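Q: Turn this into a model:
(2 chains)
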Number of protein chains: 2
Amino acid sequence: MEQPTASFRVREQKLAMSPLDHLMKQLAKLPGLGPRSARRVVLHLLKRREAVFLPLIDSMTRALRDVKECSACGNLGGTDPCEICSDPGRDRSLICVVEDVADLWALERSNAYRGLYHVLGGTLSALEGIRPADLHIEGLVNRIKSNQINEVILALNATVEGQATAHYVAEHVASMGVSVSKLAHGLPVGGELDYLDDGTLTAALKARRKAG
Amino acid sequence: MEQPTASFRVREQKLAMSPLDHLMKQLAKLPGLGPRSARRVVLHLLKRREAVFLPLIDSMTRALRDVKECSACGNLGGTDPCEICSDPGRDRSLICVVEDVADLWALERSNAYRGLYHVLGGTLSALEGIRPADLHIEGLVNRIKSNQINEVILALNATVEGQATAHYVAEHVASMGVSVSKLAHGLPVGGELDYLDDGTLTAALKARRKAG
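A: Prediction:
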């Protein structure tokens, strides 16, 4: 068939006609949203055009324009270098290596860490074809070389990919005269033994410490 | 205190500085989203600026500009009157009354109805101070007066407010020579008796029909 069928043409016209359907389709593809919640969001926005919709478009436009990736650590923020890298109160001898900006933010919310970060941008994965060159490992090596770094903390996810990546990074920086550590495995605070998987229990048992 | 405290000023500065935090706060207030999913959405968008973020802002801007409320029925769409009101294939003697545009779309997805609609824009609620004048009831009365309407179908939610509103609308249009009906109560298709509430079972039993 050389020409599109009539029903195809009608559908194309409908798609071109409806800014609503188009927007809902795009929203439905965002993480955590689906067709139903996209509809709810669109109706919510269209009912509050001045109070919610317009300010949201404004903020998105500003974020798209102004949010920068920190050229040192890979964090996202309004400045480059980012707030953390340019904060004189942070301990510049520590680098905490994370997979993703979301992990960096999670650690920041915990308020438990006052050093610097390094975002790898993912994990090694043979399945998805992600090789060491695709991650920001060279940047990490350069930062260790050109700064006074004492310790690299590997805060990667406790998944197979995360742990394989941690292993690779550890080997890569082992010869550079920095101590390399990784987050402890064990019981989550508030966790009940009965609900934990065997792997976590085994790890918690192996890493047991003197009580009291 | 006449001057803002130092900590207040610092917080204000941070808010002004971070387009990211500002955007995440706005997204977190949308229905179905929270702080966590707002963070995920923002990171998703910032990683795909050209492919996702920019087109999304585009669609939102276009929707804000082009989506109109139908002056006849209250539906949202690219045209006024809306696609449904201007469709010559619809039965113009039927008006289905719904609370919200979302309900109208749900009925359209079912493909079970080929008449016109009327969106009330909410339900009567003493608690929230929503009176008959706040709903589009006058518009409905005018449409019935000036068109050949045979039947008004009340498709309001089976909530206390929805049913009270249905009762009010039914009384209001009863003297206008149209037949007024409402959706049947009963078992949802695929529903199991064991999981249904008493109210639904009672309604299904009362409205039982001859089998076969």
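Q: you'd agree A:Val180 is in a strand?
A: Yes - counting by DSSP: H, G, I helix; E, B strand; the rest coil, A:Val180 falls inside a strand.
Q: who's it bridged to?
A: Using DSSP bridges, the beta-bridge partners of A:Val180 come out as A:Val152.
Q: mind listing what it touches?
A: Going by C-beta atoms under 8 Å, 6 or more residues apart in numbering or on different chains, A:Val180 touches A:151-152, A:154, A:169-170, A:173-174. All C-beta atoms are positioned from the backbone trio N, CA, C, and that covers glycine.
Q: doesn't A:Cys85 make contact with A:Asn147?
A: No - if you go by C-beta atoms under 8 Å, A:Asn147 and A:Cys85 don't touch, sitting 10.9 Å apart.
Q: Of these two, which one has the most company?
A: A:Cys85 (19 against 12; other C-beta atoms under 10 Å in any protein chain shown).
Q: Not counting its neighbours along the chain, what's nearest that one?
A: A:Ala72 (4.7 Å; C-beta to C-beta, 6 or more residues apart in numbering or on different chains).
Q: The residue nearest to A:Asn150 when sequence neighbours are not counted: which element?
A: Distance criterion C-beta to C-beta, 6+ apart; nearest residue to A:Asn150, sequence neighbours excluded, is A:Ser93 at 4.2 Å. Assigned by DSSP states H and E, A:Ser93 belongs to strand A:91-98.
Q: could you say what helices and strands that strand packs with?
A: With contacts defined as 3 or more C-beta pairs under 8 Å, 6 or more residues apart in numbering or on different chains; DSSP states H and E, the packing partners of strand A:91-98 are helix A:101-110, strand A:115-119, helix A:137-146, strand A:151-154.
Q: Looking at these, which one is packed in the most?
A: Neighbour counts (mean count of other C-beta atoms under 10 Å in any protein chain shown) averaged over each of the helices and strands packed on strand A:91-98 peak at strand A:115-119, with a mean of 24.
Q: Would you reformat the helices and strands packed on strand A:91-98 as JSON lines and include mean pLDDT and distance to A:Lys29?
A: Listed next are these as JSON lines, based on pLDDT from 0 to 100; distance: least, C-beta to C-beta, whole Å:
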{"stretch": "helix A:101-110", "mean pLDDT": "93", "distance to A:Lys29": "19"}
{"stretch": "strand A:115-119", "mean pLDDT": "97", "distance to A:Lys29": "24"}
{"stretch": "helix A:137-146", "mean pLDDT": "95", "distance to A:Lys29": "31"}
{"stretch": "strand A:151-154", "mean pLDDT": "95", "distance to A:Lys29": "33"}
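Q: want to throw these into a markdown table with distance to A:Ser179?
A: Output for these, formatted as a markdown table (distance: least, C-beta to C-beta, whole Å):
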| stretch | distance to A:Ser179 |
| --- | --- |
| helix A:101-110 | 19 |
| strand A:115-119 | 13 |
| helix A:137-146 | 11 |
| strand A:151-154 | 5 |
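Q: rewinding a little: so what's the residue nearest to A:Cys85 up against?
A: A:81-82, A:85, A:116, A:143.
Q: What separation do you get for A:Cys73 and chain B?
A: Distance from A:Cys73 to chain B, counting by C-beta to the nearest C-beta, to the nearest Å: 15 Å.
Q: nope, A:Ser18 is what I was after
A: 6 Å.
Q: Kindly report the same for A:Ile95.
A: 21 Å.
Q: partners of that residue in the sheet?
A: Under the criterion used (DSSP bridges), A:Ile95 bridges to A:Leu116, A:Val152.
Q: Quick check: pLDDT value at it.
A: A:Ile95 carries a pLDDT value of 96.
Q: same question, the one 3 residues further on
A: Listed pLDDT for A:Val98 reads 96.
Q: show me what contacts it?
A: A:104, A:107, A:117-120, A:155-156.
Q: and those residues, which two are the farthest apart?
A: Distances among the contacts of A:Val98 were taken as C-beta to C-beta; the most separated pair is A:Leu107 and A:Leu120, at 13.9 Å.
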